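Asks: got a structure for you, letters missing:
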């Protein structure tokens, strides 16, 4: 019988160890369709390890990650075949890297970067692919006349917007983001965040975003998990956690960043 509960992604007892060192330990949560979850913590807290386990890029030492497929069935991410996981990553999922160079083909034009993902799911009509690429470049505020330019001719902010277009063009249901605004100028960060927030809302996307920036988390996420030394020390609605943190570590983190 198909499980009819509403979650889209569920983690249970998720742990990853590097020898005796903890990457993440005993993490569990459910993510709902259209929900944005931010994972925050200082460098080395385990947030990127957790993101990589959730997205199937890193095999956990223990625990389960389940994803609800479009037909309503729940599948264990690590019980999928390699081909099934690759197809999922090309269709239902997106992954936005901190460095856009890791998520783009730098030797391929902007339009080609967007079009490649369409071709990976069966697109063959060149005119239709190019038209869709043009549409998506417009959505991420890249001028149409840059469609044939390669990403190495773009600024950092433009490359990140191109990476977003490449990920969203196939209409995914879930997007993983690893520090997507890190390393960008403040004004560029604000523009990118505003764009991301609008696209996530307009498309009804679920997203998991890793960030060290609590202001970013407040702006884009509905729910927040605070990590320290591989463990989740606090979780809840974003505004509640940031305005009234309960754990000593979350209180310290919020006080050091958000309060004057």
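Replies: Thanks, I have the structure now. No experiment lies behind these values; they were computed from the predicted model shown. Numbers count the residues shown, from 1 in each chain.
Asks: Please count neighbours and contacts with C-alpha atoms only from this point.
Replies: Fine.
Asks: residue boundaries of the helices in the stretch 101-250 of the chain?
Replies: Secondary structure of the stretch 101-250 of the chain (DSSP state H, counting those that start in this stretch): helices located at 110-120, 126-139, 156-168, 186-203, 214-220, 238-243, 248-257.
Asks: got a list of what the residue positioned nearest the centre of the chain touches?
Replies: By CA atoms, centre = their mean, the mean C-alpha position of the chain lies nearest to residue 176, the distance being 1.7 Å. With contacts defined as CA atoms under 8 Å, 6 or more residues apart in numbering, residue 176 is in contact with 51, 55, 93-96, 207-209.
Asks: same question, residue 94
Replies: Residue 94 neighbours (CA under 8 Å, 6+ apart): 167-168, 172, 174-176.
Asks: Also residue 8?
Replies: Per CA under 8 Å, 6+ apart, neighbours of residue 8: 30-33, 67-68.
Asks: at 6 Å instead, please
Replies: Contacts for residue 8 (CA atoms under 6 Å, 6 or more residues apart in numbering) come out as 31-33, 67-68.
Asks: could you dump the residues you listed to JSON lines with distance to residue 231?
Replies: Shown next, in JSON lines, are the contacts of residue 8 (distance: CA to CA, whole Å):
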{"residue": "31", "distance to residue 231": "18"}
{"residue": "32", "distance to residue 231": "22"}
{"residue": "33", "distance to residue 231": "24"}
{"residue": "67", "distance to residue 231": "22"}
{"residue": "68", "distance to residue 231": "25"}
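Asks: of these, closest to residue 197?
Replies: residue 33 (15.2 Å; CA to CA).
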